[in-house]
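[1] I would like the atomic coordinates for the input below:
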Amino acid sequence: MFPTVREVLALDPVRNGAPRVVAGERGLDQVVRWVHSSEVPDIATLLRGGELVLSTGIGLPPEDAGLRRFITDLAEVGACGLAVEMGRRYSGRLPTVMVRTADELGFPLVELHRGTPFVLITEAVHSMIIDAQLAELRATEEIHQRFTDLSVEGAGAAEVVAQAAALAGAPVVLENLSRQVLAYDAAGGSAELLLANWEDHSRRVRPAGRTGHDPESGWLVTAVGARGQDWGRLLMRLPSAEARHVILIERAASTLALGRLIRGDEEAQTHRTLLAALLGHTTPVDEVVLRARALGVHLDRRHLVGVVIRPSLATEAAQALRETGLKGLVGALDESSAGVLLALRTPDEESSALARFAGRLRALAGDDVVVAVGSGVATPREARRSLVEAGQVASAVRGGRFEGVVRVTDIGLFGLLYLLRDEPRLQTFVERELGTLLAYDARNPREQLLGVLRVYLECGRNKSAAAEHSHLSRPAFYERLARIRKIIGADLDDVSVCLSLHVALLALDALRS
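    Predicted structure coming up:
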């Protein structure tokens, strides 16, 4: 960081000159980018801005109008101050016209009452400037290295935003073009205050150019996008922006744009992350609620319904939500299923909302879609239970087409057995009922008596119908039934025995699903 005029005045070579600020104190915090010594009255034409000018005053104009013009020209060109060594041209104090003009312009004017070699001042200040430039260069290299590493690692938006906030020491927010928050880092501050009424606040932030600082709102902003298509903005809250901050925010934006090209839609990623956080308890529920609200999905004071869709149709589900005017989090849960957490205003809306959603989803994706629904809950802390139940229902569905949605009450005995599939006592029951027959089939793969038993039971113990379904003659089918009876040691004409075997077959299917 470059030194200010105030910091330059505190350097030993300057202090040895007994400096006294006689005008323009409000400009002492201007940045000094260079020190220039000169005795020519038109020095302003040679400056570029940010210079502290040193002079003995011997070349300054003699008349008041010339002195006024000299000070005015320095201020207008962007010089940050003038230090005049007393004793050569002026003995006691600088001319009143110089002091008055400098004070009016907020231009620092300094008297040096002891002789000091200007070269010592120049060396000291230039050493500070070079050190600042080296530090800025190192900071820039660190920025590039940090974000290069994040790109290589495939970091998500949350990690990129967190890194930008850490490097800047300031809050950072990533939003989409609708001013919905995709990721944020409050930099140790209050996330609630940072995101309060975010959309309205964001729309008041209007920087100039693709990257710019809005001094009124205190935000440094850059567009995020690639291939000529912007999809969001990255905002960093700073009272004033330095060059390193611009480099930092633009490098972070480039990393975000590259990540989107590799991973896809960042908004979909955020939805999926929030669903995963609810299911896996990886993030406090209050934070999930806050992030969802910033994304435009209100989870608090809502009736929440977990939905699981098979196959995984997250894109189609998101489109169905938009087209039906419903709100919720939506994202892929795994390779075979997508999840939705519907946020409804009242429980009374549940049936109609689910019917509209399922109907639109099937119109987009086809009829072979399972839309499984969990029980509605009243708080975000209970949302996981609804999502888990919906997942269990989806996993238990045995195929077939469903015009509406599937609930736990619709999955029948197989669904119950599927939910209990990890229960050791159920596994023991299957082995007790079917273990000997399974072992026989393993040794005699051509016969597959388990299939014969399944057809017999599914035909309601009607031997003639079962033989026909098995494409076997009746004598052949009867012979195989006799063999099954002998292997398992049970009477296949007994209703209770057959019921037990049928349940065991359903449980075996659930275990193998």
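[2] Now find how far off-centre stretch 54-68 is within its chain.
    Stretch 54-68 sits 59 Å away from the centroid of its parent chain (CA atoms, centre = their mean, to the nearest Å).
[3] Please enumerate residues in contact with that stretch?
    35-41, 69-70, 82-85, 88-90, 94-95, 97-98, 101, 118, 121-122 (CB atoms under 8 Å, 6 or more residues apart in numbering). Any C-beta I mention is one placed from the backbone N, CA and C, and that applies to glycine too.
[4] Tell me the buried residues in that stretch?
    Residues Leu54, Ser55, Thr56, Gly57, Leu60, Leu67, Arg68 are the ones in stretch 54-68 that count as buried (16 or more other CB atoms under 10 Å).
[5] ends of that stretch, how far apart?
    In stretch 54-68, first residue to last residue: 17 Å (CA to CA, to the nearest Å).
[6] Relative to Leu11, which of the buried residues of stretch 54-68 is nearest.
    Leu54 (12.7 Å; CB to CB).
[7] A strand includes the closest one, no?
    Yes - assessed by DSSP: H, G, I helix; E, B strand; the rest coil, Leu54 belongs to a strand.
[8] Pop out the phi and psi values for the residue nearest to it when sequence neighbours are not counted.
    Spatial nearest neighbour of Leu54, excluding adjacent residues (CB to CB, 6 or more residues apart in numbering): Ser37 at 4.1 Å. The phi and psi values for Ser37, taken as degrees, to the nearest 10, are phi -100, psi 140.
[9] so what's Ser37 up against?
    Counting by CB under 8 Å, 6+ apart, Ser37 has contacts Val53, Leu54, Ser55, Phe118, Thr122.
[10] go again using 10 Å as the cut-off
    By CB atoms under 10 Å, 6 or more residues apart in numbering, the contact list for Ser37 reads Ile43, Leu52, Val53, Leu54, Ser55, Thr56, Ala83, Glu85, Phe118, Val119, Ile121, Thr122.
[11] now stretch 393-410: mean pLDDT?
    The pLDDT scores in stretch 393-410 average 74.
[12] Span of it from start to end?
    9 Å.
[13] list the helices and strands whichever strand or helix holds Leu120 packs on?
    Leu120 belongs to helix 118-153 when assigned by DSSP states H and E. If contacts are counted by 3 or more CB pairs under 10 Å, 6 or more residues apart in numbering; DSSP states H and E, helix 118-153 sits against helix 5-9, helix 12-15, strand 34-37, strand 51-55, strand 81-85, helix 157-168, helix 243-263.
[14] roughly how far is that helix from the heart of the chain?
    With CA atoms, centre = their mean, you get 30 Å for helix 118-153.
[15] do the same with stretch 385-392
    Worked out by CA atoms, centre = their mean, stretch 385-392 lies 25 Å from the chain centre.
[16] re the thing from before, which of the buried residues of stretch 54-68 sits closest to Ala166?
    Leu54 (40.2 Å).
[17] hang on, isn't Tyr478 packed against Ser470?
    No - checked against CB atoms under 10 Å, the pair Tyr478 and Ser470 is beyond contact range at 11.2 Å.
[18] Those two - which one has more neighbours?
    Ser470 (17 against 14; other CB atoms under 10 Å).
[19] can you tell me how far that one sits from Asp422?
    Between Ser470 and Asp422 the computed distance is 33 Å (CB to CB, to the nearest Å).
[20] got it, and Arg474?
    As judged by CB to CB, Arg474 and Asp422 stand 41 Å apart.
[21] more crowded one of these two?
    Neighbours were tallied for Arg474 and for Asp422 using other CB under 10 Å; the higher tally belongs to Arg474 (12 against 9).
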